[in-house]
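J.: could you look at this predicted model? Sequence included:
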Amino acid sequence: MAGRIRDEDIKLVRDASPIADIVGEHVTLRNAGGGSLKGLCPFHEEKTPSFNVRPQLGYFHCFGCSEGGDVIAFVMKIDHLTFTEAVERLAVRSGVQLRYEQSGYVPRQQQGQRTRLVAAHQAAAEFYAAQLTTPEALVARDFLSARGFDREAAARFGVGYAPTSWDSVVRHLRSRGFTDSELLVGGLAKEGRQGPIDRFRGRLIWPIRDITGDVVGFGARQLDEKQDSGPKYLNTPETPLYKKSSVLYGVDLAKREIARRQQAVVVEGYTDVMACHLSGVPTAIATCGTAFGAEHIKVLRRLLIDQNEFRGEVIFTFDGDEAGRKAALRAYEEDQKFVTQTFVAVEPTGLDPCELRLAHGEAAVRDLVARRVPLFEFAIRSVLARYDLETSEGQLAALDTAAPIIAGIRDQGLRQRYAVGLDKWLGLLDEKFILRRIAERTRSSSLRQTSATPTQVSPDPHDPVLQVERESLKFALQYPALMGPLFDAVDESAYTAAPYAAVRRAITVAGGVGAAVGGEIWVNKVRNFAPDDTVRSLVAELAVEPLRAEGEPSARYAADVLARLQELATMRRITSVKARLQRLNPEKEPAEHSRLFHELIALEQSRRGLRERIIGSL
């Protein structure tokens, strides 16, 4: 990854990017008097303009949704980019040459390589798209037409064709000034007997873009099995640009709708993404030749702004066959890494979204998504389908198989609801028996929740809602010097889990990380101030559990963790203040209403500052 952009270069980019021009590319702005411009906010639905831009100050603010900031913050928000990505995009637009602080390597070389590789991929995408109109590409056009896609649809998604020639792309890109080394490193070519040859030949091509819109790779579909003995789908290999574990096809087209609708629809293939978007499901994305995993979750959580509350949906669509059901159950294993609500949409006839659109029209695709069922319910019902529920033996066997699934649900209230649902699905009509059976499973599968004091239960270490709280405490115990006074300044109320709050309190009583010398002496000191055996055990656990940081822990990562912790606490306070404001009558209690309103503004500013710190560290 590149080093940190120099502060003076960030200022140059900001100064060279007039906010009215940048915002004006997305919002129709009109003169509002007093040097202000006004338009409809692009970040929330509204009929009366409340989005204001002050060109002289270089800031924007929406009085409807409270979004605001400078030109970099606008680009980050509108295109769902990190701070660094937004600065780099504006730098390219304004012609500013960025410099990066050194970090044990030469980041400017890496940045130069990325720029060259992105340019090569863009040139290749344009070449492939142009080839789709040639006589040789008739078989590719027929393939698209047979699946209900016309030339306009192909152009919308940048679909192209790779000629059967051994080196057509290599020759084209050489003529554009790209070197053989760049083509090989970027995965556009591979070594042949007499030099580089095209990686994709005689195939239908889909350009794969990252979240910023840059082409980083390609997906290629076999068209002639006799002439092409390779796999049906062939993707770009791992390169400096293309990481299959994190790339999502269609994310560049879907990102704004995902953020706006708070919904992401995960499908299985390129044509499924096309079919969904053309059918009015613009939040569809797909993995590229790999299973949906943890890195993909990070991308979606970033778009869904998935933090500490159940908002938004991730909907997995799978074929109705056995393979599709197995894929859905694999997704179930990842479900609780989301805070959002996760669903499954399976077409009983076995048709995928592309086939469904072709057979029954675009409304059928929308209906498929609308008929989604919660992923937990799907997983449980899939298990029950294996047994004969007309017999007592089948009912009990199904119960014992489904019980661990329900016992594994981390939300206690949700676990209780599914236990009641399981009783109805089994037809036992004995809720107490079901609950007792699942409780036994819960106790046996959750050994870490046993403790000397029954009221103090150790939190689930994988709970995404509490992950930041846990990480900050691990850091404070393992690397107190890196945490420094920043940690000691964080209030105990930032910890919502009682055991974590107890550990935080023990650290304070032990003198705080500012007085810590580190090592075993420090951990033992904190343990000695723990209130009970459960908290002492938790301190020991946190002291040895690996941090989630990549590479060596750093003060920068520590600051990022603390910023995330404070942001979540600030969000909770904002929610509380907003609720109080809604209950107040400003005419009867003007002073209190004014105080809370000003507190809300201060909290929003603090939240944005923390968010910028977090994004700037990505």
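T.: Structure's in. What do you need? Numbers count the residues shown, from 1 in each chain.
J.: how about Ala345, secondary structure?
T.: Classification of Ala345 by DSSP: H, G, I helix; E, B strand; the rest coil places it in strand.
J.: now it: how far from Val266?
T.: 10 Å (Cβ to Cβ, to the nearest Å). For glycine as for every other residue, the C-beta is placed from the backbone atoms N, C-alpha and C.
J.: same check on Ala602?
T.: Per Cβ to Cβ, Ala602 is found 39 Å from Val266.
J.: so those two - more neighbours on which side?
T.: The residue with more neighbours, out of Ala602 and Val266, is Val266; 24 against 12, by other Cβ atoms under 10 Å.
J.: counting neighbours, what do you get for the closest residue to the more buried one other than its chain neighbours?
T.: Spatial nearest neighbour of Val266, excluding adjacent residues (Cβ to Cβ, 6 or more residues apart in numbering): Phe316 at 4.9 Å. As a burial measure, Phe316 scores 26 neighbours (other Cβ under 10 Å).
J.: which secondary structure element contains Phe316?
T.: strand 313-318 (DSSP states H and E).
J.: so which bits of that strand are buried?
T.: 313-318 (16 or more other Cβ atoms under 10 Å).
J.: can you add pLDDT and give the residues you listed back as JSON lines?
T.: Listed next are the buried residues of strand 313-318 as JSON lines, based on pLDDT from 0 to 100:
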{"residue": "Glu313", "pLDDT": "87"}
{"residue": "Val314", "pLDDT": "89"}
{"residue": "Ile315", "pLDDT": "92"}
{"residue": "Phe316", "pLDDT": "89"}
{"residue": "Thr317", "pLDDT": "87"}
{"residue": "Phe318", "pLDDT": "71"}
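J.: and those residues, which two are furthest apart?
T.: By the measure Cβ to Cβ, Glu313 and Phe318 form the most distant pair in the buried residues of strand 313-318, at 15.7 Å.
J.: please name every helix or strand in contact with the longest helix belonging to the chain.
T.: Counting residues, the longest helix found in the chain (DSSP state H) is helix 555-583. Applying 3 or more Cβ pairs under 8 Å, 6 or more residues apart in numbering; DSSP states H and E, one finds that helix 555-583 contacts helix 467-478, helix 480-488, helix 590-616.
J.: that helix vs helix 590-616, what angle?
T.: Here helix 555-583 runs at an angle of 150 degrees relative to helix 590-616 (axes from the mean of the first three to the mean of the last three Cα atoms, to 10 degrees).
J.: quick one: mean pLDDT over helix 555-583.
T.: Helix 555-583 shows an average pLDDT of 81 in the prediction.
J.: same thing with stretch 33-44?
T.: In this model, stretch 33-44 carries a mean pLDDT of 82.
J.: output that stretch in CSV with nothing but the alpha carbons.
T.: C-alpha atoms of stretch 33-44 as CSV (Å, rounded to 0.1, in the frame of the first residue of the first chain):
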residue,chain,number,x,y,z
GLY,A,33,-27.7,34.8,-2.2
GLY,A,34,-25.0,35.8,0.2
GLY,A,35,-22.4,33.9,-1.7
SER,A,36,-24.1,30.6,-1.2
LEU,A,37,-25.3,28.0,-3.7
LYS,A,38,-28.2,25.6,-3.1
GLY,A,39,-29.5,22.4,-4.5
LEU,A,40,-31.1,19.0,-3.8
CYS,A,41,-29.0,16.9,-1.5
PRO,A,42,-27.4,13.9,-3.2
PHE,A,43,-27.2,12.0,0.1
HIS,A,44,-30.8,11.7,1.0
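J.: list the contacts of the nearest residue to Asp180 once chain neighbours are set aside.
T.: Nearest non-adjacent residue to Asp180, counting by Cβ to Cβ, 6+ apart: Pro196, 4.9 Å away. Applying Cβ atoms under 8 Å, 6 or more residues apart in numbering to Pro196 gives the contacts 167, 170, 180, 183-184, 189-190.
J.: need those residues in CSV (columns: pLDDT and secondary structure).
T.: Below are the contacts of Pro196 laid out as CSV (pLDDT from 0 to 100; DSSP: H, G, I helix; E, B strand; the rest coil):
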residue, pLDDT, secondary structure
Asp167, 94, coil
Val170, 96, helix
Asp180, 95, helix
Leu183, 96, helix
Leu184, 95, helix
Ala189, 96, strand
Lys190, 94, strand
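J.: which among those residues end up buried?
T.: For the contacts of Pro196, a burial check counting by 16+ other Cβ under 10 Å picks out 167, 170, 183-184, 189.
J.: okay, now the unreliable bits of the stretch 401-550 of the chain?
T.: 440-458, 465, 517-519, 550 (pLDDT under 70).
J.: recalculate using a threshold of 50.
T.: Scanning the stretch 401-550 of the chain for pLDDT under 50 picks out the ranges 445-456.
J.: how far off centre is the one helix or strand Leu90 maps to?
T.: Leu90 is located in helix 83-94, with elements delineated by DSSP H and E. When distances are taken as Cα atoms, centre = their mean, to the nearest Å, helix 83-94 is centred 21 Å away from the chain's centroid.
J.: for that helix, buried residues please.
T.: The neighbour-count check on helix 83-94 (16+ other Cβ under 10 Å) flags 83-91, 94 as buried.
J.: just stretch 534-551 next, same as before
T.: Neighbour-count burial for stretch 534-551 [16+ other Cβ under 10 Å]: 534-543, 549.
J.: check stretch 121-131 too.
T.: Using 16+ other Cβ under 10 Å as the burial criterion, the residues of stretch 121-131 that qualify are 121, 123-129, 131.
J.: got the CA positions of that stretch in CSV?
T.: C-alpha atoms of stretch 121-131 as CSV (Å, rounded to 0.1, in the frame of the first residue of the first chain):
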residue,chain,number,x,y,z
HIS,A,121,-6.4,-2.2,-18.4
GLN,A,122,-8.6,0.8,-19.5
ALA,A,123,-7.0,0.6,-23.0
ALA,A,124,-7.6,-3.2,-23.0
ALA,A,125,-11.2,-2.7,-22.0
GLU,A,126,-11.8,-0.2,-24.8
PHE,A,127,-10.1,-2.6,-27.3
TYR,A,128,-12.2,-5.6,-26.2
ALA,A,129,-15.4,-3.5,-26.4
ALA,A,130,-14.6,-2.4,-29.9
GLN,A,131,-13.9,-6.0,-31.0
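J.: what comes up buried for stretch 500-510?
T.: Across stretch 500-510, burial judged by 16+ other Cβ under 10 Å covers 500-507, 510.
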